[in-house]
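Colleague: starting from these lines, generate the structure:
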Amino acid sequence: MFRLQRILFSGLLLFVSFELQAQLKLNTAYLNYIAQYKDLAIEEMRQNHIPASITLAQGLIESAAGQSKLATQANNHFGIKCHDWQGRSITADDDALAECFRAYDNPRQSFKDHSLFLRNNVRYARLFQLAPDDYRGWAYGLKNCGYATNPLYGDKLIEIIEQYQLYQYDNARSYDRYMANIYDAQNRAVVPQPHIVRMYNKNYYIVAREGDTFKLIAKEAGVSWRKLARYNEIDRHARLHEGDIIYLEKKQKHAIKAFKHVPHIVKAGESMYTIAQMYGIRIKNLYKMNHMKPEDGIRVGQSLRVY
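Modeller: As a prediction, the model looks like this:
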């Protein structure tokens, strides 16, 4: 199957902007967390009027970019303690030993409860009088209202928001509902290290890890494992390898528009299947675009249309 390493050395990288390359200097775990949860933060902003930049920055700090014990074992991304909580809980050391923290079935519940915790708590009421994009006011307000004991908490929030340009999401008028809803699909308590869901050619994909199967990925993504195999045009019992690209929806009929006049030049070791996976297109359409039949072979150096 197609490996991520082949994508990295394909012509796709020619279309990565200098801006994105510069981002590689930033914390990769932070970038992954932002990509994974920005739509959830925007959804909460639109429903509860908390700047998405604040939600993301708090999540990054409180959950250590999703790597903390509370996040991995209890889906608690904001360090919210039990208080009058009636649901599941987990104990962890914080200001005192073995304190009680809220536990959730999935990250979306945590993001929703974070919004309600702020909105329904009278001590945070004045924050909702701020302009929707006043992330500085929110950052210092959260500290002054007692959300955290660290005296530099507000400054840290602002530093993260500005370094990772999270303020851009405060003016978002839309968001990817699929990415927001995917966190309702599974119980993340049993998936301590969920896959990063990315998008390419109007489709969502994840990169397989060692030991992954279609059943495991399907359970995490909330789709049928048989459909998942069909989307990727491979036998559902096939063994997955680390680095395989697994699409979560049906692939497209052609590559992205950037390849309209850019053919693919076949390299050693490639097949029609690996090329189709590389561009996120269906094999039958790749054959059709090139006036070929499934029994036709390909050769190194051959030029293939992908759009």
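Colleague: what about the residue lying closest to Asp95 once chain neighbours are set aside, distance to Ile158?
Modeller: In space, and not counting its chain neighbours, Asp95 is closest to Thr149: 6.4 Å by C-beta to C-beta, 6 or more residues apart in numbering. C-beta here means a position set from N, CA and C on the backbone, and glycine is covered the same way. Taking C-beta to C-beta, to the nearest Å as the measure, Thr149 falls 18 Å from Ile158.
Colleague: ok, back up a step: distance of the residue nearest to Asp95 relative to Ile161?
Modeller: Distance from Thr149 to Ile161, by C-beta to C-beta: 20 Å.
Colleague: middle-most residue in the protein, spatially?
Modeller: For the chain, Gln36 is the residue whose C-alpha lies nearest the centre (C-alpha atoms, centre = their mean; 2.1 Å).
Colleague: next up, the contacts around that one.
Modeller: 66, 179, 194, 196-197 (C-beta atoms under 8 Å, 6 or more residues apart in numbering).
Colleague: okay, buried residues for the helix or strand encompassing Lys156 please.
Modeller: Assessed by DSSP states H and E, Lys156 sits inside helix 153-163. By neighbour count with 16 or more other C-beta atoms under 10 Å, helix 153-163 contains the buried residues 153-154, 156-158, 160-161.
Colleague: export those residues to CSV and tack on pLDDT?
Modeller: Formatted as CSV, the buried residues of helix 153-163 follow (pLDDT from 0 to 100):
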residue, pLDDT
Tyr153, 97
Gly154, 97
Lys156, 97
Leu157, 98
Ile158, 98
Ile160, 97
Ile161, 98
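Colleague: format those as TSV; extra columns: distance to Gln58.
Modeller: As requested, the buried residues of helix 153-163 are arranged in TSV below (distance: C-beta to C-beta, whole Å):
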residue	distance to Gln58
Tyr153	9
Gly154	11
Lys156	10
Leu157	7
Ile158	12
Ile160	9
Ile161	10
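Colleague: pull the most distant pair out of those.
Modeller: Tyr153 and Ile161 (12.7 Å; C-beta to C-beta).
Colleague: all strands for the stretch 51-200 of the chain, in order.
Modeller: Here the stretch 51-200 of the chain has its strands, by DSSP state E, counting those that start in this stretch, at 89-92, 99-102, 198-200.
Colleague: highest mean neighbour count out of those strands?
Modeller: strand 99-102 (a mean of 18; mean count of other C-beta atoms under 10 Å).
Colleague: hmm, who's touching that one?
Modeller: By C-beta under 8 Å, 6+ apart, strand 99-102 touches 70, 74, 76, 79-82, 85, 87-94, 110, 113.
Colleague: go again with 10 Å.
Modeller: With contact meaning C-beta atoms under 10 Å, 6 or more residues apart in numbering, strand 99-102 is reached by 69-70, 73-76, 78-83, 85-94, 109-110, 113-114, 117.
Colleague: hey, which helix or strand in this protein has the poorest pLDDT?
Modeller: In the chain, no helix or strand scores lower on mean pLDDT, DSSP states H and E than helix 4-8, which sits at a mean of 42.
Colleague: break this structure down into its structural domains.
Modeller: 18-78+107-178, 257-304 (automatic domain parsing).
Colleague: what about the shortest one, how long is it end to end?
Modeller: By C-alpha to C-alpha, to the nearest Å, the extent of domain 257-304 from end to end equals 15 Å.
Colleague: quick check: mean pLDDT across that domain?
Modeller: The average pLDDT for domain 257-304 rounds to 96.
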